[in-house]
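Colleague: fold the following for me, if possible:
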Amino acid sequence: MTEIQSFNPRKIIRQIFLSLIISLGSIVGIFSLISFRGVKIDLTAFRPAWLFYGVIAIIIAWISDAIRLYVTTRAWRKPIPFRNAITGVLSCYFMSAITPSATGGSPAEMLIMNRSGFTWGEAGSLTAICGILYQVTLLILLFILVFLFQVSFALRGILLNLLYSFLIFYCSLMFLLFFFLYRIDQVYRLVNWGMGFTRRHFPKVKFSEEKVIEWIKEFFGDFKSGFRILCIEKPQYLLWNIAGYSMYFLCFFSVAFFSLRSLGVNLPLLKVISDQIPLHLAFGFLPTPGASGGVELSISSIFLQYTGPGKIGMFILFWRLITFFLSLVIGAITFFRVLYSISKLTSPEVKNSQIKNTIKVE
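Modeller: A predicted model of the protein is given here:
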């Protein structure tokens, strides 16, 4: 399977429309619920300048994330241009926004890293470890706000249970990952059992046992090597990742603060940030593309108590326009340019031209 086939443009376009339909449908549903209650939309205190600050905040978040990736590649001694770093993070945002549980973000970033000189194994280990640090940074920020600044977060009912479920699942997953990392023999036993079970009960499924074992060996080997680089040999890059992610999250979460201020809702910045962190941790459980639908409904359920029914719909619309739709548009332009450049390099005309040039040189 080629790189282009892995990211089929037609399939991507269908996923874009699906994500947009779910997100817009949720926003329309919130407005409809307000209208059903007979509540008028309150724009008496609307200040559009605050939305401009929100756009600036999300751009700073993108740049902070790109700088984090730009610097981190030096730990592998394969520095990439900053242009490739910003392309990588924007492509990651875009694919995360249109795939269930944001599963497409990491492969998109790995593709950019591979085109920048990383092997697939190196790109995979860097992306996987940074993905872990992404979640760890959220937990660090949550503990700092709760225990150092004494900020409480408004999370109740099913959302709170979802957060607890995520923490248990994530801790269990990390334990198993690092357990198998140093007990690779147990991994081989499980894989061999799984392949035997598949052959007995699903004989039509065809696969090569040698290639499966080889892939498992390469994955854990690359992950262990990358973990050693960031956490043991060059821990300054680990701290840099946490600092970069912290800056990204603070800017990203401040968009809600500016959206609220544009509607005349004066809520402390730390309170707005602390209310979003638990939800952001739980969004990974939502199976919809980019967590669309669940994001709008859960955020509205938290901030309704501050905005009131008359402003909650406009708040969700402004916040989603900046954090989701803007990233979707910019990320789509960036990622489709990458796919177009790859398709040109792999086209038969280019290959034939390269062969002719080689013959002429010889």
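
Colleague: so where's this structure uncertain?
Modeller: When residues are selected by pLDDT under 70, those of the chain lie in 1-6, 35, 152-164, 345-362.

Colleague: could you pull out the strands for the stretch 251-362 of the chain?
Modeller: If DSSP state E, counting those that start in this stretch is used as the criterion, the stretch 251-362 of the chain turns out to lack strands entirely.

Colleague: so where do the helices sit in it?
Modeller: Counting by DSSP state H, counting those that start in this stretch, the stretch 251-362 of the chain has helices at residues 269-282, 294-307, 309-320, 326-345, 348-361.

Colleague: before we move on, what about the stretch 51-200 of the chain?
Modeller: 82-98, 105-115, 120-143, 157-182, 184-201.

Colleague: G284 is nearest to which of those?
Modeller: Within the helices of the stretch 51-200 of the chain, the stretch nearest G284 is helix 157-182; the backing value is 6.7 Å (Cβ to Cβ). Any C-beta I mention is one placed from the backbone N, CA and C, and that applies to glycine too.

Colleague: picking up where we left off before, so which of the helices of the stretch 51-200 of the chain is nearest R37?
Modeller: Judging those by Cβ to Cβ, what sits closest to R37 is helix 157-182, at 20.7 Å.

Colleague: any chance of the helices of the stretch 251-362 of the chain in TSV, plus mean neighbour count and distance to V55?
Modeller: Formatted as TSV, these follow (neighbours: other Cβ atoms under 10 Å; distance: least, Cβ to Cβ, whole Å):
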stretch	mean neighbour count	distance to V55
helix 269-282	20	17
helix 294-307	19	18
helix 309-320	22	10
helix 326-345	16	7
helix 348-361	9	39
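
Colleague: switch those helices over to TSV; also include distance to F94.
Modeller: What follows is these, written out as TSV (distance: least, Cβ to Cβ, whole Å):
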stretch	distance to F94
helix 269-282	18
helix 294-307	16
helix 309-320	15
helix 326-345	3
helix 348-361	26
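
Colleague: can you tell which of those is closest to L148?
Modeller: Distances from L148 to each of the helices of the stretch 251-362 of the chain were compared using Cβ to Cβ; the shortest belongs to helix 269-282, at 10.4 Å.

Colleague: output the contacting helices and strands for that closest one.
Modeller: In terms of contact count using 3 or more Cβ pairs under 8 Å, 6 or more residues apart in numbering; DSSP states H and E, helix 269-282 is assigned the packing partners helix 120-143, helix 157-182, helix 235-262, helix 294-307.

Colleague: before we move on, back to that, need the helices of the stretch 51-200 of the chain in JSON lines with mean neighbour count, can you?
Modeller: Shown next, in JSON lines, are the helices of the stretch 51-200 of the chain (neighbours: other Cβ atoms under 10 Å):
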{"stretch": "helix 82-98", "mean neighbour count": "23"}
{"stretch": "helix 105-115", "mean neighbour count": "22"}
{"stretch": "helix 120-143", "mean neighbour count": "19"}
{"stretch": "helix 157-182", "mean neighbour count": "13"}
{"stretch": "helix 184-201", "mean neighbour count": "12"}
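
Colleague: same list (the ones you listed) but as a markdown table, adding distance to K11.
Modeller: Compiled in a markdown table, these are given as follows (distance: least, Cβ to Cβ, whole Å):
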| stretch | distance to K11 |
| --- | --- |
| helix 82-98 | 10 |
| helix 105-115 | 13 |
| helix 120-143 | 21 |
| helix 157-182 | 28 |
| helix 184-201 | 26 |
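
Colleague: out of the ones you listed, which gets nearest to K234?
Modeller: For these, the distance to K234 is smallest for helix 120-143, at 11.9 Å, taking Cβ to Cβ.

Colleague: and that closest one, how far out from the chain's middle?
Modeller: Taking Cα atoms, centre = their mean, to the nearest Å, one finds the center of helix 120-143 at 10 Å from the center of the full chain.

Colleague: ok so, going back, can you say which of the helices and strands packed on helix 269-282 is nearest to S341?
Modeller: With Cβ to Cβ, the closest approach to S341 among the helices and strands packed on helix 269-282 belongs to helix 120-143: 17.4 Å.

Colleague: please save the CA atoms from the closest one in PDB.
Modeller: Output in PDB follows, covering the C-alpha atoms of helix 120-143 (Å, rounded to 0.1, in the frame of the first residue of the first chain):
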ATOM      1  CA  TRP A 120       8.900   5.100   9.700                       C
ATOM      2  CA  GLY A 121      10.200   3.500  12.900                       C
ATOM      3  CA  GLU A 122      11.800   6.800  14.200                       C
ATOM      4  CA  ALA A 123       8.700   8.800  13.200                       C
ATOM      5  CA  GLY A 124       6.400   6.300  15.000                       C
ATOM      6  CA  SER A 125       8.500   6.300  18.200                       C
ATOM      7  CA  LEU A 126       8.700  10.100  18.300                       C
ATOM      8  CA  THR A 127       4.900  10.500  17.700                       C
ATOM      9  CA  ALA A 128       4.000   7.800  20.200                       C
ATOM     10  CA  ILE A 129       6.200   9.200  23.000                       C
ATOM     11  CA  CYS A 130       5.000  12.700  22.300                       C
ATOM     12  CA  GLY A 131       1.400  11.500  22.400                       C
ATOM     13  CA  ILE A 132       2.000  10.100  25.900                       C
ATOM     14  CA  LEU A 133       3.600  13.400  27.000                       C
ATOM     15  CA  TYR A 134       0.500  15.200  25.500                       C
ATOM     16  CA  GLN A 135      -1.800  13.400  28.000                       C
ATOM     17  CA  VAL A 136       0.800  13.700  30.800                       C
ATOM     18  CA  THR A 137       1.000  17.500  30.300                       C
ATOM     19  CA  LEU A 138      -2.800  17.800  30.600                       C
ATOM     20  CA  LEU A 139      -2.700  15.900  34.000                       C
ATOM     21  CA  ILE A 140       0.200  18.100  35.200                       C
ATOM     22  CA  LEU A 141      -1.800  21.200  34.400                       C
ATOM     23  CA  LEU A 142      -4.900  19.800  36.100                       C
ATOM     24  CA  PHE A 143      -3.000  19.000  39.300                       C
END
